[in-house]
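J.: sequence plus the predicted model coming up.
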Amino acid sequence: MDKTEQVIEIFKRLKEIYTIRIFEGKDPYKVLIRTILSQRTRDENTDQATANLFNKYPDINSVANAPVEDIEELVHPAGFYHVKAARIQEVSQIIIDEYDGVVPDNMKELLDLPGVGRKTANCVLVFAFCKPAIPVDTHVHRISNRWGLVDTSKPEQTELELMKIVPKDMWIELNDIMVQFGQTICKPTSPQCGDCPLIGLCAFDNG
DNA sequence: AAAACGGGGGC
DNA sequence: GCCCCAGTTTT
């Protein structure tokens, strides 16, 4: 079994457990903002902050024009709220001023936005625009190495290796399914190998 | 290369 | 009460 066959079989098993979530109806602006809020932040807190924000300020113009203190309070559950509130308004204003209110759909322009790094840009590309991209966060990086799919020390190396191994039609669901797996079973510390459905497909020794 | 930003959850 | 976490920017 080569690595492509391995990852296909792994995902087949994981998809029996997890359902892929499509965030915010794929509205590029909401995907972008939610992804910024998700940085270094767990799902529940990300969801709460995102709901707080868009419930009161449902579009890019209202977010950009809101008092910063109000944005801070709404996104507070996501943590890093001073930084994130400022970035969100800064990003919104830039998109209004320079892109006519439309989120750019290419890596270069996304990376130019404040608070947007490679992982966030890839999330927007693949979730909002269905473009081929693999967002590599700490879950994807850690788990890819545990499976023996890659042998990398930096997330960007992992991204390049995964692009060679994983069939393109799986890229859109890769990040979400691995995050769910990483939160519940293949945890950063103390992975629950006894409950893992990937016995026989994973190189990681729980010892 | 390392610090800083932060609340919430696990133990 | 301490340690860890869906990154990015700044020093």
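T.: Alright, I've got the coordinates.

J.: let me see the contact set for the residue nearest the centre of chain A.
T.: Compute the mean C-alpha point of chain A, and by CA atoms, centre = their mean the closest residue is residue A:123, 5.2 Å away. For residue A:123, the contacting residues are A:31, A:35, A:133, A:135, A:175, by CB atoms under 8 Å, 6 or more residues apart in numbering. To be clear about C-beta, it is placed using only N, CA and C from the backbone, and glycine gets the same treatment.

J.: of those, closest to DNA strand B?
T.: Using CB to the nearest atom of the strand, residue A:35 comes nearest to DNA strand B of the contacts of residue A:123, at 14.2 Å.

J.: enumerate every residue touching that closest one.
T.: Taking CB under 8 Å, 6+ apart as the criterion, residue A:35 is in contact with A:120, A:123-124, A:127.

J.: could you rerun that using 6 Å?
T.: Under the criterion of CB atoms under 6 Å, 6 or more residues apart in numbering, the contact partners of residue A:35 comprise A:120, A:123.

J.: what are the phi and psi values at it?
T.: phi -70, psi -40 (degrees, to the nearest 10).

J.: before we move on, back to that, okay if I get the contacts of residue A:123 as CSV plus secondary structure, pLDDT and distance to residue A:181?
T.: Below are those laid out as CSV (DSSP: H, G, I helix; E, B strand; the rest coil; pLDDT from 0 to 100; distance: CB to CB, whole Å):
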residue, secondary structure, pLDDT, distance to residue A:181
A:31, helix, 94, 21
A:35, helix, 94, 19
A:133, coil, 95, 20
A:135, coil, 96, 15
A:175, helix, 93, 11
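
J.: so which of those residues also contact DNA strand C?
T.: residue A:175 (CB under 7 Å from any atom of the strand).

J.: which member of the contacts of residue A:123 is positioned nearest residue A:101?
T.: Residue A:101 lies nearest to residue A:31 out of these, by CB to CB, at 15.0 Å.

J.: let me see the domain layout of chain A.
T.: According to automatic domain parsing, chain A comprises the domains A:3-20+A:134-195, A:23-129.

J.: gap between the two ends of the first one?
T.: Terminal residues of domain A:3-20+A:134-195 lie 23 Å apart, using CA to CA, to the nearest Å.

J.: please identify the most buried of the domains of chain A.
T.: domain A:23-129 (a mean of 18; mean count of other CB atoms under 10 Å).

J.: OK, contacts around whichever residue of chain A sits closest to DNA strand B?
T.: Among the residues of chain A, residue A:79 lies closest to DNA strand B, at 2.4 Å counting by CB to the nearest atom of the strand. With contact set as CB under 6 Å, 6+ apart, residue A:79 has these partners: residue A:41.

J.: check which helix or strand the residue nearest to the centre of chain A maps to.
T.: For residue A:123, the enclosing helix or strand under DSSP states H and E is helix A:118-123.

J.: point out where chain A drops to low pLDDT.
T.: Flagging of chain A using pLDDT under 70 yields the residue ranges A:22-25, A:205-207.

J.: where exactly do the helices run in it?
T.: With helices called from DSSP state H, chain A shows them at A:3-14, A:28-37, A:43-56, A:60-65, A:68-75, A:81-99, A:107-112, A:118-123, A:129, A:138-147, A:155-165, A:171-184.
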